[in-house]
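Peer 1: sequence below, structure please.
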Amino acid sequence: MSDPHHTADHDAHDAPKASGIKKITTILVLLGLPLVVVGSLVSYYMGQNGGQVAASMSEEAVMGRIQKVGVLQLGESKREPKSGEEVYKAQCTTCHADGLLGAPKFGDAAAWAPRLGTGYAALLNSALKGKNNMAAQGGGAFADFEVGRALVYMANAAGAKFEEPKAPEADGAAAPAADAASAAK
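Peer 2: You can find the predicted model right below:
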């Protein structure tokens with residue numbers, strides 16, 4: 001029993017051999033087709049805008065898209081100014097209630113006496129910029145005049161007679177009213 005289809009005689013199931021020209025043509029088409037597509041898209045895009053940069057690509061539009069997500073603005077706020085007692089309870093009581101880290105205790109006239117002798121301006125400067133173990137309070141959660149109010153609250157509890165600083169908005173609003181009152185006379 002012999003096999004009538006002997007494979008040595010012919011390769012009936014082999015793929016036809018490609019010529020060199022067909023190989024080169026196939027490579028050029030595969031490499032050139034993406035370039036033609038991209039070139040067509042670019043020329044179409046440029047033709048739509050007359051060669052001008054699209055409005056979405058203007059400098060303002062780009063800057064708007066890459067701007068920071070959030071903006072922190074320090075300065076004036078729209079909240080009601082806090083009293084000296086409120087600021088003391090929120091910020092100062094941690095150290096001044098118990099005299100921690102050498103802080104003079106609230107209401108302790110003997111501990112506050114040498115400090116009160118330096119005057120309000122020196123005490124406010126120490127509170128805003130920090131001194132010894134006390135961290136700077138200026139630029140924090142409270143405005144400088146609110147820190148000043150807390151200072152007056154603590155100092156007056158120890159025997160000082162400092163006048164509480166007014167809110168800057170109140171000073172600015174009071175001045176035109178005073179000018180109008182003097183002009184009316």
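
Peer 1: same question for the longest helix belonging to the chain, mean pLDDT?
Peer 2: The helix that spans the most residues within the chain, counting by DSSP state H, is helix 20-48. The pLDDT scores in helix 20-48 average 87.

Peer 1: repeat for stretch 58-76
Peer 2: Stretch 58-76 comes out at a mean pLDDT of 75.

Peer 1: what's the following helix or strand after the longest helix of the chain?
Peer 2: Per DSSP states H and E, the first helix or strand lying C-terminal to helix 20-48 is helix 59-65.

Peer 1: what helices or strands is that next one leaning on?
Peer 2: On a contact count with 3 or more Cβ pairs under 8 Å, 6 or more residues apart in numbering; DSSP states H and E, helix 59-65 meets no helix or strand. (Each C-beta comes from the backbone N, C-alpha and C, glycine too.)

Peer 1: how is the protein divided into domains?
Peer 2: 18-50, 84-172 (automatic domain parsing).

Peer 1: out of those domains, deepest packed?
Peer 2: Among these, ranked by average contacts under mean count of other Cβ atoms under 10 Å, first place goes to domain 84-172 (a mean of 16).

Peer 1: roughly how far out does it sit from the chain middle?
Peer 2: 29 Å (Cα atoms, centre = their mean, to the nearest Å).

Peer 1: stretch 62-75 now?
Peer 2: Relative to the centre of its chain, stretch 62-75 is centred 7 Å away, using Cα atoms, centre = their mean.

Peer 1: now do stretch 74-94
Peer 2: In terms of Cα atoms, centre = their mean, the centre of stretch 74-94 is found 22 Å from the chain centre.

Peer 1: end to end, how far does that stretch reach?
Peer 2: Counting by Cα to Cα, to the nearest Å, you get 25 Å between the two ends of stretch 74-94.

Peer 1: so where do the helices sit in this structure?
Peer 2: Using DSSP H, helices in the chain cover 20-48, 59-65, 84-87, 93-96, 109-116, 120-129, 144-157, 168-184.

Peer 1: would TSV of the ones you listed with distance to residue 135 be doable?
Peer 2: What follows is those, written out as TSV (distance: least, Cβ to Cβ, whole Å):
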stretch	distance to residue 135
helix 20-48	58
helix 59-65	37
helix 84-87	15
helix 93-96	10
helix 109-116	17
helix 120-129	10
helix 144-157	12
helix 168-184	24
